[in-house]
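Chemist: what would the 3D arrangement of this be:
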Amino acid sequence: MFKFIDHVAVHCSDLGQSVAFYRDNFGFNEFSRHDRPGGGIAYMRLGETVLELTQKQGEPMSGMHFALEAADMEAAVAHLAKRGVRQLQEVRPLSARRPGEPDTTRRAVYCGPDGEMIEVRG
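Modeler: Got it, this is the predicted structure:
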């Protein structure tokens with residue numbers, strides 16, 4: 001019935017700042033944007049992943065996180081460190097999630113401009 005997550009939405013306090021953060025630090029590309037009085041919405045893509053950034057003045061932001069799969073974990077961690085992205089959790093191993101899967105996946109967690117957590121896995 002369900003195949004995959006279509007997109008993840010992040011409510012942000014400054015749309016331009018968040019677009020630049022995800023573009024410059026994680027390689028997302030903005031493909032659609034609608035600015036409105038009191039806010040706006042931007043759609044960004046990384047591979048097949050769509051990130052919807054929304055800004056609505058006067059609405060509280062909610063805590064959330066999403067995960068990005070890194071092709072090269074060491075390179076991703078080094079890139080984010082060089083860019084000064086705040087790391088919330090150091091790289092650590094993850095247990096296998098499926099029977100027979102090796103315990104080789106690692107993760108680190110970073111902080112977005114509005115406190116959202118960005119998990120990087122690889």
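Chemist: give me the mean pLDDT for the helix or strand Leu53 falls within.
Modeler: Applying DSSP states H and E as the criterion places Leu53 in strand 49-56. Strand 49-56 shows a mean pLDDT of 88.
Chemist: now for it, which elements pack on it?
Modeler: strand 8-11, helix 15-26, strand 39-46 (3 or more CB pairs under 8 Å, 6 or more residues apart in numbering; DSSP states H and E). Using the backbone N, CA and C atoms, a C-beta is placed for each residue, glycine as well.
Chemist: how many residues are close by Val120?
Modeler: Using other CB atoms under 10 Å, Val120 has 23 other residues around it.
Chemist: surely it meets Ala71?
Modeler: No. Proximity of Val120 to Ala71 does not meet the contact threshold set by CB atoms under 8 Å, at 11.0 Å.
Chemist: lowest confidence element among the helices and strands of this structure?
Modeler: The least trusted helix or strand in the chain, going by mean pLDDT, DSSP states H and E, turns out to be strand 65-69, with a mean of 83.
Chemist: how far off centre is that strand?
Modeler: A distance of 6 Å separates the centroid of the chain from that of strand 65-69, by CA atoms, centre = their mean, to the nearest Å.
Chemist: now tell me what touches that strand from outside.
Modeler: 8, 10, 26, 46, 49, 51, 107, 109, 116-122 (CB atoms under 8 Å, 6 or more residues apart in numbering).
Chemist: looking at these, which is nearest His34?
Modeler: Comparing the contacts of strand 65-69 against His34 with CB to CB places Leu51 closest, at 14.9 Å.
Chemist: how near is the closest one to Phe28?
Modeler: As judged by CB to CB, to the nearest Å, Leu51 and Phe28 stand 6 Å apart.
Chemist: per-residue pLDDT, Arg97?
Modeler: At Arg97, pLDDT is 59.
Chemist: kindly report the same for the one 3 residues further on.
Modeler: Predicted confidence (pLDDT) for Gly100: 66.
Chemist: one more: Tyr110?
Modeler: What the model reports for Tyr110 is a pLDDT of 93.
Chemist: what is whichever helix or strand it is part of packed up against?
Modeler: Per DSSP H and E: Tyr110 is located in strand 106-111. Packing partners of strand 106-111 (3+ CB pairs under 8 Å, 6+ apart): helix 73-83, strand 87-93, strand 117-121.
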